[in-house]
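# Sequence and predicted structure, then a few things I'm wondering about:
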Amino acid sequence: MAAAAREIKVSDYLAEGNILCRMGNIPAHEAVDRLVSLLFMHVGGFDRQGAIDSVMEREQLDSTVLIEGLALPHARMDGLQQPMVAVGLSHEGVYFPENNELVRILILVLTPKSDPSAYLKLVSAISKSLSEESLRLRLGLCDTPSEAYALLTAGVRGIPAHLVARDLMNAQPVTVREEDDLATAISAFCVQRQMDIPVVDETGDIRGVLAIEDLLHLSLPEHFLWMEDLTPIVNFQPFAELLRKDHETKVADFMRDRFTTMDPETPAIQLAKDFLKSGVRQIMLAENDKLIGVVNVQNFVAQLFWA
């Protein structure tokens, strides 16, 4: 019988010498420079300035501050054989201007460009383990690399063998209730820039879904769609009529009761298949009929190919 594969851990990619403590109150770009330079000095095998530029370009487009006090700046690099990890700690906090936040724990991750799941699996292990505020506080106050390394290697979970849908989900999606009115739905679609919105009850059970197109269908009855000449309604009269009743019309009146759900432990590759075969933009992840998160196709593609 073949031996079971050894569990891969974050410590396989992190050396004690690649941990910097007491970085002080410095800007994010300086912290990234120091951490990338540390990896270049101890490991090498990549373009140092190219890595710095890639990490900062990614940071400016979308901040990698995941939860309070923790950031995971990263880049995918050509030529790397395996992921590289460096850790920076600051009592005072490193300043991230993009979201005006002080971060006490920076975990810099460089991954091979040829392995799209490497970063996602690392982030899954690190973010789940450091979701406990008490552990983040202890780690942020470490004074020596050995102290920080012991906490990280003891506290951070093993890296999953493969990604599951839960690893890619948004655990705090925008939702509405059946009793909410049309005005609430319009705000969610337009102000919060949603395309698809789960409808849940007070216990979190999934009741249905709203799509942005439902607003148009609500305003244009089916027979309008068969009219060749819409000149009589060029001033959007049906839309005006609907808006006059935006507090009377309830979500339950126009939500869809057919929707796509998936078990959160389903292999993530199944998401790609379902997006392509079903044509939906969003898949809801559910446990015992309760919504625990969503994956939309835009974020799915971004995480796989860009992250």
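Here it is on my side, so go on.

# start to end distance for stretch 111-124?
Between the opening and closing residues of stretch 111-124 there is a gap of 14 Å (CA to CA, to the nearest Å).

# cool, and stretch 70-85?
For stretch 70-85, by CA to CA, the gap between its terminal residues amounts to 15 Å.

# cool, and stretch 80-88?
Start and end residues of stretch 80-88 are separated by 21 Å (CA to CA).

# List of residues touching it?
Contacting residues not belonging to stretch 80-88 are listed as 10, 13-14, 18-20, 23, 31, 34-36, 38-39, 43, 45-46, 94, 105-113, 118-119, 122, 148, 152 [CB atoms under 8 Å, 6 or more residues apart in numbering]. (C-beta placed from N, C-alpha, C; glycine too.)

# switch the cut-off to 7 Å
With contact meaning CB atoms under 7 Å, 6 or more residues apart in numbering, stretch 80-88 is reached by 10, 13-14, 18-20, 23, 31, 34-35, 38-39, 43, 45-46, 94, 106-112, 118, 122, 148, 152.

# Tell me the buried residues within these.
10, 13-14, 18-20, 23, 31, 34-35, 38-39, 43, 46, 94, 106-112, 118, 122, 148, 152 (16 or more other CB atoms under 10 Å).

# Looking at these, which are in helices?
Using DSSP state H, the members of these that fall in helices are 31, 34-35, 38-39, 118, 122, 148, 152.

# can I get the residues you listed in a markdown table with pLDDT?
Conversion of those to a markdown table gives the following (pLDDT from 0 to 100):
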| residue | pLDDT |
| --- | --- |
| Ala31 | 95 |
| Arg34 | 96 |
| Leu35 | 97 |
| Leu38 | 96 |
| Leu39 | 95 |
| Ala118 | 80 |
| Leu122 | 83 |
| Ala148 | 92 |
| Leu152 | 84 |
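
# chain center to the host helix or strand of Val295, what's the gap?
Here Val295 sits within strand 290-296, counting by DSSP states H and E. Relative to its chain's centre, strand 290-296 lies at 12 Å (CA atoms, centre = their mean, to the nearest Å).

# list the contacts for the residue nearest to Asp47 when sequence neighbours are not counted?
In space, and not counting its chain neighbours, Asp47 is closest to Met77: 7.5 Å by CB to CB, 6 or more residues apart in numbering. Counting by CB under 7 Å, 6+ apart, Met77 touches 46, 51, 110, 112-113.
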